[in-house]
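Asker: Output the structure for:
(one chain, ligands or ions: 1)
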Amino acid sequence: MGAETTAHSPIHILFFPFMGHGHMIPMVDMAKLFASKGVKTTILTTPLNAPFIFKTIEKSKIHSNINIQTIKFPSVEAGLPDGCENFDSIPSPEFIPLFFKGTELLQEGFEQQLSLQRPNCVVSDTFFTWTNDSSAKFNIPRIVFYGVSFFSMCATECVRLYKPYENVSSDSESFVIPSLPGEIKMTRTQVADYLKIGDWLERLTKFREVEEKSYGVVFNSFYELEKDYADYYRKVIGRRAWHIGPLSLCNIDKEQKKYRGKEASIDEHEWQNWLDTKEANSVVYVSFGSIVNFPDSHLREIALGLEASGQPFIWAVKKSKKDGEEWLPGGFEKRIEGKGLIIRGWAPQVSILEHEAIGAFMTHCGWNSTLEGVVAGVPFITWPVSAEQFYNERLVVDVLKTGVPVGVKRWCLFGDMDDSIKWDTIEKTVRNILGKDEAAEEMRKKAKELSRLARKTVEEGGSSDLDLDAFIAEFDSLRG
Ligand code: UDP
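Answerer: Below is the predicted model of the structure:
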């Protein structure tokens with residue numbers, strides 16, 4: 001191994017997250033988790049991303065075990081605007097390939113850091129396929145972090161290998177995903193576009209090739225949540241894997257949660273006092289993660305649907321006061337006073353979800369959000385948009401049975417989004433999930449049980465805790 005530490009010093013892991021909040025947040029949590037076990041950790045990032053990480057680390061008791069290093073992000077060299085170092089600051093979709101190009105230009109800086117730091121192991125984002133070769137040069141094992149569920153990893157692989165979407169005659173005809181445990185049904189427009197878009201199929205194939213050559217894969221998930229798929233991934237797909245989640249649970253105190261990701265755009269007392277006035281399980285929390293940007297017409301439908309449901313809501317929208325108010329129906333805010341709270345910008349999601357007044361989570365099914373909802377024990381209204389979110393919807397709706405779909409039919413990365421969901425569907429779905437009928441009660445019960453399992457798995461001796469210990473022990477033994 002390339003490490004210079006001795007067998008008695010703690011092992012050293014270098015974490016290298018992709019520069020997007022949905023990727024950085026769980027990897028920073030992971031570094032904190034390892035640090036809490038006495039592991040020496042280094043997080044590698046770029047100068048403009050470092051402050052987001054620094055804030056949350058600073059608030060953590062184990063910050064002395066975590067070191068942040070930066071390498072220059074070549075925005076201008078890659079053709080991006082100066083200062084564009086995070087996926088959420090990409091001005092428009094045409095810049096996406098340039099952003100990826102920029103990350104490839106990080107190789108030299110990454111290798112310099114490996115040479116300086118000499119960690120025992122590298123955990124890097126799946127998008128950074130080249131880190132496999134770089135790590136091999138230094139004889140350091142590389143672990144891949146996708147930041148997705150076992151379920152979606154297995155489903156994506158079965159769809160990629162068996163191409164079931166080629167055997168249906170229309171967009172609305174569903175197919176069962178071959179070989180995958182359970183009768184998981186999807187339609188062509190929920191997966192095939194994902195595979196056809198740009199060079200995604202090639203990318204996906206490359207991810208798989210590199211994953212096979214890497215030392216293993218680490219998951220932000222827990223065994224009890226998706227046993228069949230964790231087993232399938234290990235035994236049928238045949239990879240070495242560790243499950244060590246839910247990672248968000250490593251943020252124990254208020255301050256750590258407050259600075260997770262970005263700083264919240266709302267004062268803590270404001271949302272807390274507001275929620276304190278609501279009944280338990282009565283409020284729907286609406287958020288579509290850090291990237292999805294719905295057009296104004298969609299936002300208006302959401303606003304009208306929430307209002308018509310008559311249920312209290314907290315809605316996190318990526319808009320600021322300077323964007324004007326055209327995206328809201330006229331007089332909306334006045335009419336919903338006391339009933340609805342809009343957070344323009346970054347919501348302290350994990351803290352909000354934990355409040356007992358929250359009774360449902362309308363989500364795009366990003367994996368972090370999905371798992372955070374599981375931890376909080378809330379049922380979901382699923383509104384997938386892109387990436388592997390349609391698979392996560394199936395996990396929640398068909399396997400866990402803790403969610404209802406709003407009914408989105410078409411995958412879309414940017415631009416031409418599925419606009420078939422109108423206010424009346426939103427109204428009905430919100431009412432149903434927060435209702436008192438048997439189906440809603442059953443879903444709430446299941447969600448609470450999953451929350452209990454999620455908390456237990458990270459406790460001492462729980463399945464995720466044991467896998468974390470196994471990971472550390474393995475790298476400890478590898479250095480001889
Ligand atoms: N998030 C948050 N506040 C926001 C928006 C997002 O705290 O206003 C966090 C959320 O808790 C989650 C992450 O950002 O940890 C989003 O990751 P996810 O995988 O759900 O979706 P993505 O943003 O990658 O699409």
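Asker: looking at it, residue 290 is touching residue 260, isn't it?
Answerer: No. The pair residue 290 / residue 260 is not scored as a contact, 11.6 Å apart, by Cβ atoms under 8 Å. All C-beta spots, glycine's among them, are computed from the backbone N, C-alpha and C.
Asker: What residues sit buried inside stretch 150-160?
Answerer: Judged by neighbour count using 16 or more other Cβ atoms under 10 Å, the buried positions of stretch 150-160 are 150, 151, 152, 153, 154, 155, 156, 157, 158, 159, 160.
Asker: Over to stretch 40-57?
Answerer: For stretch 40-57, by 16+ other Cβ under 10 Å, it's 40-46, 48-50, 52-57.
Asker: How far off centre is that stretch?
Answerer: For stretch 40-57, the separation from the chain centroid amounts to 18 Å (computed by Cα atoms, centre = their mean, to the nearest Å).
Asker: ok, it near the ligand or not?
Answerer: No. Applying Cβ under 6 Å from any ligand atom, one finds stretch 40-57 separated from the ligand by no less than 11.0 Å.
Asker: What number of residues are in the vicinity of the residue in the chain that the ligand sits nearest to?
Answerer: In the chain, the residue found nearest to the ligand is residue 22; the distance is 1.9 Å by Cβ to the nearest ligand atom. Residue 22 has 20 neighbours, counted by other Cβ atoms under 10 Å.
Asker: Would you agree it is in contact with residue 288?
Answerer: No. Residue 22 is beyond contact range of residue 288, at 11.3 Å (criterion: Cβ under 8 Å).
Asker: what's around the spatially closest residue to residue 357 that is not a sequence neighbour, how many residues?
Answerer: For residue 357, ignoring the flanking residues on the chain, the nearest one in space by Cβ to Cβ, 6 or more residues apart in numbering is residue 278 at 4.0 Å. Applying other Cβ under 10 Å, we find 21 residues neighbouring residue 278.
Asker: Can you check my assumption that residue 278 lies in a helix?
Answerer: No. Counting by DSSP: H, G, I helix; E, B strand; the rest coil, residue 278 is located in no helix; its state is coil.
Asker: Contact residues of the stretch 351-480 of the chain facing the ligand?
Answerer: Close to the ligand, as judged by Cβ under 6 Å from any ligand atom, the stretch 351-480 of the chain has residues 366, 367, 368, 369, 372.
Asker: repeat that for 5 Å
Answerer: 366, 367, 368, 369 (Cβ under 5 Å from any ligand atom).
Asker: Return the residues of the stretch 151-300 of the chain in contact with the ligand.
Answerer: Counting by Cβ under 5 Å from any ligand atom, the residues of the stretch 151-300 of the chain that sit close to the ligand are 261, 289, 290, 291.
Asker: The longest helix seen in the chain - contacts with which helices or strands?
Answerer: Longest helix of the chain, by residue count under DSSP state H: helix 438-457. Secondary-structure packing of helix 438-457 (3 or more Cβ pairs under 8 Å, 6 or more residues apart in numbering; DSSP states H and E): helix 367-376, helix 423-434, helix 463-478.
Asker: What mean pLDDT does the longest one get?
Answerer: pLDDT averaged over helix 463-478 equals 97, rounded to a whole number.
Asker: and that helix, which residues are buried?
Answerer: Buried residues in helix 463-478 (16+ other Cβ under 10 Å): 463, 464, 465, 466, 467, 468, 471, 472, 474, 475.
Asker: any chance of these in TSV, plus distance to residue 376?
Answerer: Output for these, formatted as TSV (distance: Cβ to Cβ, whole Å):
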residue	distance to residue 376
463	20
464	17
465	20
466	24
467	22
468	22
471	26
472	28
474	32
475	32
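Asker: Would you convert the helices and strands packed on helix 438-457 into a markdown table that also reports distance to residue 385?
Answerer: Formatted as a markdown table, these follow (distance: least, Cβ to Cβ, whole Å):
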| stretch | distance to residue 385 |
| --- | --- |
| helix 367-376 | 12 |
| helix 423-434 | 15 |
| helix 463-478 | 28 |
